[in-house]
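[1] Model the structure of this input:
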Amino acid sequence: MSVCVTLVSARRAVAPACLWAGWSGWRKACAGGFRLVPSRARSGTRPGAAGKLLRDGEDRKAVICVEGNIASGKTTCLEYFSKTSSIEVLTEPISKWRDVRGHNPLALMYQDPQRWGITLQTYVQLTMLDRHLSAVAAPVRMMERSLFSAKYIFVENLFRSGKMPEVDYAVLSEWFDWITANICIPVDLIVYLQTSPQTCHERLKQRCREEEKVIPLEYLESIHQLYEEWLIRRSSWPVPAPVLVIPADHNLQRMLHQYEENRAKILAASL
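    Numbers count the residues shown, from 1 in each chain. Presented below is the predicted three-dimensional model:
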């Protein structure tokens, strides 16, 4: 029986290939480091892995995603936990979003979201998938945001606000649904930095990133609302992992204290 799949590596998407069923065929086709988890998951594989493409060895890594609004304090959180030897931190690939062969789709999206929203979000989806699949040496992978928030928060916000045409939204949704149905993207814990839009807006003005100068308070309020729907009220989209909520309106010293207080809970995700 032949099986047609598209193998997606951390470096690039590989064109669809028809493979003959049987592990010898899969080993040959997945020489780049991927394997197909059998329909009956073996011991040691994560829940939901059965029948999906998975990078070799990654079923042994715990995955923690740090979620929150723009300027909610994710960088501070990641910097704190980056000092832990068992954790490897993967930040959002913002530098890639700012420079795609000389183009800045991030800035273009903020300037004209209806025109450039799908351009940026397609690339965000690709680069976040890359983050999920890239090999790490440490037992725990801690990511800034995730493939899920890219879709459930930022794509959804563009669509709900009327800044993304329905056809663009449909295309991104189909692509996201295929990824999550066919590629194993485990998440063990979501750390939600719950921050008021007003606090985020004040922090934005202080850090002065060029692309963020055009972000109004209303945009941050919309993002906050979507996060609350998803992770607190759980009224919109599936939540892929337990959620640890950390109030994040406080100053730096208070936040560092909170991270220390929650350290054991966060590291427990790797057990």
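[2] show me where the stretch 101-250 of the chain has strands.
    When secondary structure is read from DSSP state E, counting those that start in this stretch, the stretch 101-250 of the chain shows strands at 140-144, 189-194, 243-247.
[3] What segments of the stretch 1-150 of the chain are helices?
    In the stretch 1-150 of the chain, helices defined by DSSP state H, counting those that start in this stretch lie at 23-29, 74-81, 94-98, 105-111, 113-133, 147-149, listed in chain order.
[4] Just name the most buried of those helices.
    The densest packing among the helices of the stretch 1-150 of the chain, expressed as mean neighbour count by mean count of other Cβ atoms under 10 Å, is seen in helix 147-149 with a mean of 24. For every residue, glycine as well, the C-beta is placed using N, CA and C.
[5] Report the distance from that one to the chain centre.
    4 Å (Cα atoms, centre = their mean, to the nearest Å).
[6] what's the least confident stretch among the helices of the stretch 1-150 of the chain?
    In terms of average pLDDT, helix 23-29 trails the rest of those, at a mean of 33.
[7] Only C-alpha atoms, please: export the host helix or strand of Arg254 in PDB.
    Taking DSSP states H and E as the criterion, the element that holds Arg254 is helix 252-261. Listed in PDB are the C-alpha atoms of helix 252-261, where the atom choice follows Å, rounded to 0.1, in the frame of the first residue of the first chain:
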ATOM      1  CA  LEU A 252      11.100  43.300  37.200                       C
ATOM      2  CA  GLN A 253      12.100  42.300  40.700                       C
ATOM      3  CA  ARG A 254       8.600  41.100  41.500                       C
ATOM      4  CA  MET A 255       8.400  39.100  38.300                       C
ATOM      5  CA  LEU A 256      11.700  37.400  39.000                       C
ATOM      6  CA  HIS A 257      10.400  36.500  42.500                       C
ATOM      7  CA  GLN A 258       7.300  35.000  40.900                       C
ATOM      8  CA  TYR A 259       9.400  33.000  38.500                       C
ATOM      9  CA  GLU A 260      11.400  31.600  41.400                       C
ATOM     10  CA  GLU A 261       8.100  30.800  43.300                       C
END
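[8] Mind listing what's buried along the helix or strand that that helix is followed by?
    Downstream of helix 252-261, the next assigned helix or strand under DSSP H and E is helix 263-267. Buried residues in helix 263-267, counted by 16 or more other Cβ atoms under 10 Å: Ile266, Leu267.
[9] elements contacting helix 263-267?
    Using 3 or more Cβ pairs under 8 Å, 6 or more residues apart in numbering; DSSP states H and E as the contact definition, helix 263-267 packs against no other helix or strand.
[10] Return the mean pLDDT over it, rounded to an integer.
    94.
[11] From the chain's centroid, how far away is it?
    What separates the centre of helix 263-267 from the centre of its chain is 20 Å, taken as Cα atoms, centre = their mean.
[12] Residues in contact with it: which ones?
    Defining contact as Cβ atoms under 8 Å, 6 or more residues apart in numbering, one finds that helix 263-267 is touched by Ile64, Phe81, Thr84, Ser86, Val140, Leu189, Val191, Leu244.
[13] Stretch 225-238 now?
    In this structure, residues lying in contact with stretch 225-238 by Cβ under 8 Å, 6+ apart are 67-69, 148-149, 152-153, 156-157, 190, 192, 194, 239, 243, 245.
[14] Now that you've got the residues you listed, can you turn the buried subset into something I can paste into ChimeraX?
    In ChimeraX, a selection of the buried entries from the contacts of stretch 225-238 looks like this (16+ other Cβ under 10 Å):
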select :67,68,69,148,149,152,153,156,157,190,192,194,239,243
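[15] Tell me how many other residues surround Trp237.
    Using other Cβ atoms under 10 Å, the number of residues around Trp237 comes to 16.
[16] ok, it to Ala150 distance?
    Taken as Cβ to Cβ, to the nearest Å, the spacing of Trp237 relative to Ala150 amounts to 12 Å.
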